[in-house]
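Novice: have a look; sequence and predicted model below, questions after that.
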There are 2 protein chains.
Amino acid sequence: MAGADGSGYGLSHLPYGVVMVDGHPVPAVRIGDHALDLRACHRAGLLPGVVWAEHVDLTMLMMEGADVWAGVRAAVTDLLSEDGSQRPPDGALVPLADVAAPTMPFTVADYVDFYSSLHHATNLGRLFRPDSDPLLPNWRHLPVGYHGRAGTVVVSGTPIHRPVGQQRPPQPGAAPPVGPSERLDIELEVGFVTGGLGTPLGTAVPASAAGDHIFGIVLVNDWSARDIQAWEYQPLGPFLGKSFATSIGPWITPLAALEAARVAPPEQDPPVSDYLRVDGKWSFDLSLEVAITPAGTTTEEVISRVSFADMYWTMPQQLAHATVNGATIRAGDLFASGTVSGPERGTEGSLIELTMGGREPITIAGVERTFLQDGDTVTLRGSCEGVDGQPVVLAEVTGTILPPG
Amino acid sequence: MAGADGSGYGLSHLPYGVVMVDGHPVPAVRIGDHALDLRACHRAGLLPGVVWAEHVDLTMLMMEGADVWAGVRAAVTDLLSEDGSQRPPDGALVPLADVAAPTMPFTVADYVDFYSSLHHATNLGRLFRPDSDPLLPNWRHLPVGYHGRAGTVVVSGTPIHRPVGQQRPPQPGAAPPVGPSERLDIELEVGFVTGGLGTPLGTAVPASAAGDHIFGIVLVNDWSARDIQAWEYQPLGPFLGKSFATSIGPWITPLAALEAARVAPPEQDPPVSDYLRVDGKWSFDLSLEVAITPAGTTTEEVISRVSFADMYWTMPQQLAHATVNGATIRAGDLFASGTVSGPERGTEGSLIELTMGGREPITIAGVERTFLQDGDTVTLRGSCEGVDGQPVVLAEVTGTILPPG
């Protein structure tokens, strides 16, 4: 479509989302600064499949599986190409400026958060266990992960109330203080969403089959309250320090849009278990960044830039690991990477790393910060190159901190 | 209804479930050895509300909220009473012997598992950290919990494939073995399910409001692979050691059916934070038991009996804690108690406790066991007294271990 090239939402991207049309949520594809109303295309007889386009979100399309996704992508590409065989029906191309912000594109079934950046795990290990090996013995053998709260995954733009909770007592034996988190942080992550009709209980997904199960990817901000987390997390892991909110992008970038960004994953040492071995270019050269507009300013400043390419654990390994015990996956399961951090200063994906545990404030747009203040706005961005050489821009994830609700 | 008294499913119980009628799942209430088809009652104009009874599971009824639940319970009680003002329509009372086993009664939205038994936490602390205080410093200050996998919560009767996974290497630096769990365990738990239209993000549920949000309770078997869990769980908590399956009962016992079982909770020392204070009888005097039929036998033996009454943390406290950070709850959220164990030998709710970490085998129906073998069948049971003095029997939770899938 004319004008879409160079926007990050050209023909080689075509991410899926949900927009409100005449007060009704409809599945859509973003092209440039427009949304293509897939329900309207379906009703005009221009799309394969008969059910999912009438659905209020993308879950049913996700359930259809990889063959249908490929067919829909081909059909949409044809509709939007200058030299395509058909045109979108009248009114099906909706200017994004004319509709409300896209809504939550699917209902998250289960949400798993991994911990797959070697640099992030090392940084946190050094902060929390300064006198021992920063990596625990299991870290290089399996992609460490845990379940988060699916019901509090929200779409970009949703304001985030500062969480309240118990924190570590000032001295052993004292009552724990209860109050607003004073160490509210972000985590820059990339998540993938699975589709299909669901795997049977007791059946593992081989790493080699991951491509058939992955619908697409989104940026993820795994908001974290470090003080709440530090007091609660032994022995069963993070709970309230994470469960208050997790933000995702409104447009899901199909795996097919990332073909040109595929690179070989970093070498793993020691070698991993057989079920975690994977061939092929399963890392993605996405350029990621974190930007903050401090409260009281209108100036945004990028505080971290990092590549997604050198994450230690890859998506197929995460999927194979999460199912090796026979656990099922469903359409709408969200698997997030864990914080993406690089080895150098300024490449860390969280404030706790960027500020050395809060001991070394950073200056953002002229304002000093360790952790987030009320009114701060955080925006995550990501992009790569598409198969046609045009940019593919992941939908940004933004959120502003409000006082406790 | 005649014959229902004494069955555990009399007029003072009336649990909700889903049964297949003419190949279609319909909401139902159990009375004695019959299911009352609520869709048929609704179509005959005998029930309040117009939508939920046509739904394929109980989620929509759960969404209706406490006032509708009370109204439905009153209407069903009237329909089933000898001296009621109306009778069930023809064919609406279905003998359970004539239909397939009840199906999963609702889609689990989020699944949280607590760790709320003082005796269980103490027993596990002694096993895992023999040289230090068995309770971690946070345990008496907050109900420790974590998120489990909602998608693998299954209904009683579902066979459980032995999970496969990585286990701790035989010596540091060696490759971790990958194989079927050799320490497959159970956890006897009681879960509650929430209803309502969902709380707003950023809003806590006060402990005093818990009764408005709790739809009912079910028995829960939180199957656990101790060897997988031991290797994976630091620092982010249990993942694959739990996520392969969690079994729940098919009939949800309404909170209203537990009125006569309410008792005052145990005293908490030290005093808890204000948001965790709760008045009223929020413990429940449920008698629970674990029975096992070892593979190759037809003899079931009860291996543990325990009361639910002395759980340290109560349901309102769990709900208040899980939302104090502003996390939302939805219809269909499942909150499980954690393993219910008592202070004496023979009252522990898991094999790892009953066998002292596997070091002291127990004899079940003449067969020696530490952890579960393929072919073993585990059944959890629970009961209390109803308001009419008749027993209220929670739907049992049973499952048989199969080899890896």
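Specialist: Nice, I can see it.

Novice: CA atoms only: put the strand or helix carrying A:V19 into PDB for me.
Specialist: If you go by DSSP states H and E, A:V19 is part of strand A:16-21. Extracted in PDB, the C-alpha atoms of strand A:16-21 (Å, rounded to 0.1, in the frame of the first residue of the first chain):
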ATOM      1  CA  TYR A  16      -2.300  -8.700  13.700                       C
ATOM      2  CA  GLY A  17      -4.300  -6.700  16.300                       C
ATOM      3  CA  VAL A  18      -7.800  -5.800  17.300                       C
ATOM      4  CA  VAL A  19      -9.400  -2.400  16.600                       C
ATOM      5  CA  MET A  20     -12.800  -1.000  17.400                       C
ATOM      6  CA  VAL A  21     -15.000  -0.600  14.300                       C
END
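
Novice: centre of the chain to it, how far?
Specialist: Distance of strand A:16-21 from its chain centroid, counting by CA atoms, centre = their mean, to the nearest Å, is 18 Å.

Novice: show me what counts as buried in it.
Specialist: Buried positions in strand A:16-21, judged by neighbour count with 16 or more other CB atoms under 10 Å in any protein chain shown: A:16-21. (Each C-beta comes from the backbone N, C-alpha and C, glycine too.)

Novice: what residues does the stretch 201-350 of chain A have near chain B?
Specialist: Neighbours of chain B within the stretch 201-350 of chain A, by CB under 8 Å from any CB of the partner chain: A:201-204, A:225, A:228, A:231-241, A:243-245, A:270-271, A:273-275, A:321-322, A:324-330, A:333.

Novice: where's the residue of the stretch 301-405 of chain A found nearest chain B relative to B:H34, distance?
Specialist: Minimum separation of the stretch 301-405 of chain A from chain B (CB to the nearest CB) falls at A:G405, amounting to 2.8 Å. Look at A:G405 and B:H34: by CB to CB, to the nearest Å, they are 46 Å apart.

Novice: the more surrounded of the two?
Specialist: B:H34 (25 against 16; other CB atoms under 10 Å in any protein chain shown).

Novice: need the pLDDT of that one.
Specialist: Model confidence at B:H34, given as pLDDT, is 97.

Novice: now do the contacts for it.
Specialist: With contact taken as CB atoms under 8 Å, 6 or more residues apart in numbering or on different chains, B:H34 is in contact with B:1, B:4, B:93-96.

Novice: rerun that using 10 Å as the cut-off
Specialist: B:1, B:3-4, B:7, B:9, B:19, B:28, B:80, B:88, B:92-99 (CB atoms under 10 Å, 6 or more residues apart in numbering or on different chains).

Novice: beta partners of it?
Specialist: Beta-bridge partners recorded for B:H34 (DSSP bridges): B:I31, B:P95.

Novice: same question for A:E189.
Specialist: The partner list for A:E189 in beta bridges (DSSP bridges) reads A:V220.

Novice: shouldn't it be in contact with A:L380?
Specialist: Yes - at 8.3 Å, A:E189 and A:L380 qualify as touching, with contact defined as CB atoms under 10 Å.

Novice: low pLDDT regions in chain A?
Specialist: A:1-2, A:50 (pLDDT under 70).

Novice: for it, what spans make up the helices?
Specialist: Ranges of helices within chain A are A:38-43, A:59-64, A:66-80, A:118-128, A:210-213, A:226-232, A:240-243, A:315-323, A:351-354, based on DSSP state H.

Novice: dump the ones you listed to TSV, plus mean neighbour count.
Specialist: Compiled in TSV, the helices of chain A are given as follows (neighbours: other CB atoms under 10 Å in any protein chain shown):
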stretch	mean neighbour count
helix A:38-43	22
helix A:59-64	22
helix A:66-80	17
helix A:118-128	19
helix A:210-213	19
helix A:226-232	23
helix A:240-243	28
helix A:315-323	26
helix A:351-354	25
